[in-house]
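Undergrad: A structural model of the following input is requested.
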Amino acid sequence: MPNARPSPFPATADDYRRLARRRLPRFLFDYVDGGAGREQTLAANAAGFDALKLRQRVLVDVGDIDTSTALLGQPADLPLMLAPAGLAGMLARRGEVQAARAADSRHLPMTVSTVGICPFAEVQAASRQPVWFQLYMLRDREAVGDILDQVWADGCRTLVFTIDLPLPGMRHRDTRNGLGVPGLRAGLVRARQVLARPRWLHDVALRGKPLTFGNLTRQVPDARNLDAFKAWVDGQFDPTVTWDDMDWLRKQWRGRLLLKGVMEADDARRAADSGADGLIVSNHGGRQLDPVAASIRKLPAIVDAVGDQLDVFVDGGIRGGADIFKALALGARGALVGRAWLWALAAGGQHGVESLVDALQRELALTMTLCGVTRIADINHHHLDGGPL
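TA: A predicted model of the protein is given here:
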């Protein structure tokens, strides 16, 4: 029900989505909400979780439920991470900073995107726990080296290397809204959308400055200009990157390394041989190849291939605590949520993200209770009705 009136008391990710739609300029909402092509993969991600059913158990002592765990050695209140997201700092005033405070308050890892608005140092300063950084491999390896040196100096010790973006996907919503489209007309389209959201204009566009790509200010000639930035990035994505480049990256990065974007068992085995510490089963939230299988459907084979060698995580389609439970039952160590936290950020800033995480934790705890399991480590495929996929 995309046109339903938003609730004043949001309870689910979809509630936050409806609020975000009313508060953001259309081009920003569609940037977050949309996927590639006909958005079949986008829909498949959520449907993949919906297709999995759980086994309800009764008369089990579930008086002491514990949702806590560790994610790459970092304590967390629940097995959840805030996924990296470009432009997150435009969804609320200094958006990545607010999200980092929310993640810190709930002891969850958060990953700052290469194409985030707030620089990594600003985000890390807002958090008492380590913040992670997401990297795109650029043609300019010197620029990549500079970025890695800078975030390391600012305290980052976990790098998430996104490997499924040799070129950007065909995101038609962005084109329709004039993102990356040259000329005056495209600018006027976006300007009208901004003027239609005066609250966002005042709180984010005016009070949230500088709206620059904070991690690329030394590399992008005009980091304040969306069109100039997109042109630079489009020219910097490197379709020639191969597994051989992992040797270079592993030498550059001294900390923990996660590979994000693995969808096949053969690639997962290559990841295990590449010096990575973990991987994220991901189709980029349906924003790259359309159609491709839902991430959750690819998870079991990848866990079977490398689960004893690497920590395996999954993203794409997580909307509730029961989805987190299902991911764990299929062998993931944890799950990443993307659009849901962005919707919550747009709807209510730090408080919105905290409220969303609290709701996810409550639903996870309730799911554990009704499935008869009290510890995260005890969740397995036996809790699925029908077993693994």
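Undergrad: To what extent is the spatially closest residue to Asp146 that is not a sequence neighbour buried, counted in neighbours?
TA: In space, and not counting its chain neighbours, Asp146 is closest to Arg218: 6.6 Å by C-beta to C-beta, 6 or more residues apart in numbering. Heads up, the C-betas are built off the backbone N, CA and C, glycines and all. For Arg218, the neighbour count with other C-beta atoms under 10 Å is 10.
Undergrad: Per-residue pLDDT of Arg218, please?
TA: Note for Arg218: predicted pLDDT of 80.
Undergrad: what does Gly208 give?
TA: Gly208 is assigned 95 on the pLDDT scale.
Undergrad: Kindly confirm my reading that it is in a helix.
TA: No: counting by DSSP: H, G, I helix; E, B strand; the rest coil, Gly208 is not part of a helix but coil.
Undergrad: Pull the contacting residues for it.
TA: Gly89, Met90, Ala92, Arg93, Arg94, Gly95 (C-beta atoms under 8 Å, 6 or more residues apart in numbering).
Undergrad: Take the residues you listed and write them to a markdown table, including pLDDT and secondary structure.
TA: Formatted as a markdown table, the contacts of Gly208 follow (pLDDT from 0 to 100; DSSP: H, G, I helix; E, B strand; the rest coil):
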| residue | pLDDT | secondary structure |
| --- | --- | --- |
| Gly89 | 96 | helix |
| Met90 | 96 | helix |
| Ala92 | 98 | coil |
| Arg93 | 98 | coil |
| Arg94 | 98 | coil |
| Gly95 | 97 | helix |
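Undergrad: which stretches of this protein have low pLDDT?
TA: Across the chain, the ranges flagged by pLDDT under 70 are 1-4, 6-7, 221-230, 387-389.
Undergrad: Centroid-nearest residue for it?
TA: In the chain, the centroid-proximal residue (C-alpha atoms, centre = their mean) is Ala83; its distance is 2.3 Å.
Undergrad: rewinding a little: helix/strand/coil for the residue nearest to Asp146?
TA: Per three-state DSSP, the secondary structure class of Arg218 is coil.
Undergrad: Does it touch Val144 like I think?
TA: No: between Arg218 and Val144 there is no contact under C-beta atoms under 8 Å: 12.0 Å.
Undergrad: For stretch 61-78, measure first residue to last.
TA: End-to-end distance for stretch 61-78, by C-alpha to C-alpha, to the nearest Å: 21 Å.
Undergrad: Start at 115, not 1
TA: Done: numbering now begins at 115, and the last item shifts to stretch 175-192.
Undergrad: how about that stretch: buried residues?
TA: Val176, Thr181, Thr183, Leu185, Leu186, Gln188, Ala190, Asp191, Leu192 (16 or more other C-beta atoms under 10 Å).
Undergrad: Show me the strands in the stretch 115-264 of the chain, by range?
TA: Assigned by DSSP state E, counting those that start in this stretch, the stretch 115-264 of the chain shows strands spanning 183-185, 188-190, 194-196, 225-226, 246-250.
Undergrad: Out of those strands, flag the one nearest Asn494.
TA: Ranking the strands of the stretch 115-264 of the chain by proximity to Asn494 (C-beta to C-beta) places strand 183-185 first, at 14.3 Å.
Undergrad: now what about that closest one, what contacts it?
TA: Pro189, Ala190, Leu192, Pro193, Met195, Pro223, Asp425, Phe427, Arg447, Gly448, Ile490, Ala491.
Undergrad: Looking at these, spot the one nearest Met377.
TA: Taking the contacts of strand 183-185 together and measuring to Met377 by C-beta to C-beta, the closest member is Phe427, at 13.2 Å.
Undergrad: those helices in the stretch 315-464 of the chain, which residues are they?
TA: Secondary structure of the stretch 315-464 of the chain by DSSP state H, counting those that start in this stretch: the helices cover 340-350, 358-366, 379-387, 409-420, 435-443, 453-485.
Undergrad: Also the stretch 115-264 of the chain?
TA: 127-137, 140-147, 154-164, 209-219, 234-239, 255-267.
Undergrad: do you know which of the ones you listed lies nearest Ala382?
TA: Among the helices of the stretch 115-264 of the chain, helix 154-164 comes nearest to Ala382, with 18.0 Å by C-beta to C-beta.
Undergrad: Neighbours of Thr354, how many?
TA: By other C-beta under 10 Å, neighbour count at Thr354 equals 8.
Undergrad: same question, Ala300
TA: Every residue meeting other C-beta under 10 Å relative to Ala300 is counted, giving 18.
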